[in-house]
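1. Have a look; sequence and predicted model below, questions after that.
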Amino acid sequence: MVRTHVSRRRRVHAGPMDTHPTAPPRPIPGSQFDWLYREIAAWQASDLISGDQAAAIRAGYRRVDGRRFSLGRLMLGLGGCFVGIGLIWLVAANLDELSPMLRFGVVALLWLLFLAGGEALDARGSSRPLVGSVRLIAALVFGAAVFQAAQSLQVPAYSPHLVGLWGAGALVHAYAVRAVSPLLVGVAAGTVWWVWLSLWDEPSAAAAVASIGAASVVAVSLAVVHDRGLHRFGFVWRSVGALLSLVALFAAAVPYATTDDFAWSPWLVGALVVAGVLAVAAVALSSGIARLEPVSAAAVLGMAAVLVAWDTGTDTSNIDAADWAHAGVSVAAYVLVAVGVAALGIVRDNPVLTLLAMLGLVVFTTFQSFAVFAAIIQGAWLFVVLGLVFLATGFLFDRARRGLADVLDTDSANPEGDAR
């Protein structure tokens with residue numbers, strides 16, 4: 001029975017290797033590369049694979065020892081940000097020595113030069129960090145061109161529409177050249193435009209929570225759709241969606257986030273409708289665990305709405321049972337969402353999600369402790385209680401993370417269970 005099972009596994013694993021004999025080696029980090037070599041040696045020693053199959057598996061991967069975020073990449077990214085922001089600052093200073101049309105011509109020329117320069121460097125096969133830095137500058141300078149054009153046409157610069165135009169241009173740039181750096185600019189500007197426009201006519205805490213939560217649903221839904229091809233873009237959209245979900249739930253848990261001065265605006269209604277349509281489309285186009293992502297983002301939005309509607313008052317100097325219940329539900333919900341984001345980071349191999357979950361949990365726990373406990377616990381005892389809250393939350397967080405990792409390891413070691 002054992003020999004039959006082994007021979008079947010040999011045939012299953014031999015097929016894919018034979019169908020792609022000329023596939024280029026896949027780069028993987030050094031730690032994963034070492035682990036893979038140890039596992040291959042163990043499989044070969046257990047007679048699960050032959051020597052030829054072991055060699056074929058090894059040939060499909062190559063070791064990458066360099067760190068993804070090297071010093072050179074960091075400096076190029078920071079340099080691109082400073083140059084782009086500096087040019088925007090120059091536009092904001094109006095460049096009084098030049099006429100409005102000449103100022104716009106100079107900024108537009110700079111944008112075209114950086115735009116063409118990035119693609120020329122890419123065509124020459126230059127390093128990806130350098131190309132990304134130049135593309136980042138081009139996306140930032142496009143914003144300067146937008147604001148300078150507004151000044152030349154006597155359009156008020158303090159408007160969300162200009163930020164939206166900047167974000168749209170950066171997104172077009174990103175998708176046209178399949179580049180992540182202008183995508184980051186486009187997503188950042190687009191998020192600011194989305195939330196700002198929701199608060200333009202009827203500003204309120206509830207509207208801010210609703211718009212941020214709707215933006216998280218949109219980002220997560222787009223991430224699921226991008227998993228069908230543009231995985232790097234899906235990485236960005238998923239990270240942004242998780243961040244917005246954590247921010248929306250954090251804002252909803254603040255005692256001052258109430259429904260006071262809230263009014264439905266056409267844009268806010270439209271934003272929620274767009275988020276719902278994209279979530280349904282993402283669920284329809286995906287399968288498996290991916291379907292749970294937009295549903296979970298929508299659930300976080302619903303929980304945030306409940307916390308905002310649950311008004312217990314804004315007087316933090318007089319904490320009653322309702323305040324304790326509101327804080328308890330907020331903490332439980334936030335810990336649950338943070339664990340879910342960390343779990344998604346493990347499943348998707350996205351360390352940014354795990355980092356966001358940990359940082360968000362630390363900031364939220366600290367805020368809630370000082371907002372609720374500080375009214376009745378003073379001095380050194382406040383820090384003792386805060387430390388105990390951190391220990392308990394960290395213990396539960398780590399247990400959940402380890403449990404998920406064990407489940408994933410068990411599933412990967414039992415492919416027949418997955419097939420069933």
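-> All right, it came through fine. Residues are numbered from 1 along each chain as shown.
2. just checking, what packs against the helix or strand containing A55?
-> For A55, the host element (DSSP states H and E) is helix 51-59. Packing partners of helix 51-59 (3 or more CB pairs under 8 Å, 6 or more residues apart in numbering; DSSP states H and E): helix 2-19, helix 30-45. In short, each C-beta sits where N, CA and C put it, glycine included.
3. Show the average pLDDT along that helix.
-> Helix 51-59 comes out with an average pLDDT of 86.
4. Now do it and helix 30-45, the angle between them.
-> Helix 51-59 runs at 170 degrees relative to helix 30-45, counting by axes from the mean of the first three to the mean of the last three CA atoms, to 10 degrees.
5. For helix 51-59, buried residues please.
-> 53-54, 56-57 (16 or more other CB atoms under 10 Å).
6. need the contact list for the spatially most central residue of the chain.
-> With distances taken as CA atoms, centre = their mean, S239 lies nearest the centre of the chain, 1.0 Å away. Neighbouring residues of S239 by CB atoms under 8 Å, 6 or more residues apart in numbering: 350, 352-353, 356.
7. among those, which are in helices?
-> Judged by DSSP state H, these include 352-353, 356 as members of helices.
8. returning to what we had before: kindly indicate which of the contacts of S239 lies nearest A332.
-> L356 (19.0 Å; CB to CB).
9. Distance from stretch 27-39 to the middle of the chain?
-> For stretch 27-39, the separation from the chain centroid amounts to 26 Å (computed by CA atoms, centre = their mean, to the nearest Å).
10. For that stretch, buried residues please.
-> Judged by neighbour count using 16+ other CB under 10 Å, the buried positions of stretch 27-39 are 28, 33, 36.
11. Which of those residues scores worst on pLDDT?
-> I28 (71).
12. With adjacent residues omitted, what lies nearest to it?
-> Y61 (5.4 Å; CB to CB, 6 or more residues apart in numbering).
13. For the one you found, give me phi and psi.
-> Backbone geometry at Y61, expressed as degrees, to the nearest 10, gives phi -140, psi 150.
14. how about it, what does it touch?
-> 25-28, 33, 36.
15. Out of the residues you listed, which is nearest to G80?
-> Distances from G80 to these, taken by CB to CB, are shortest for P27, at 24.3 Å.
16. The closest one and R62 touch, don't they?
-> Yes - between P27 and R62 there is a contact under CB atoms under 8 Å: 5.5 Å.
17. what's the overlap in contacts for those two?
-> Counting by CB under 8 Å, 6+ apart, nothing touches both P27 and R62.
18. I'd like to know how far G241 sits from A208.
-> G241 sits 17 Å away from A208, taking CB to CB, to the nearest Å as the criterion.
19. if you count what's nearby, which of these two comes out ahead?
-> Between G241 and A208, G241 has the larger neighbour count (other CB atoms under 10 Å), namely 29 against 21.
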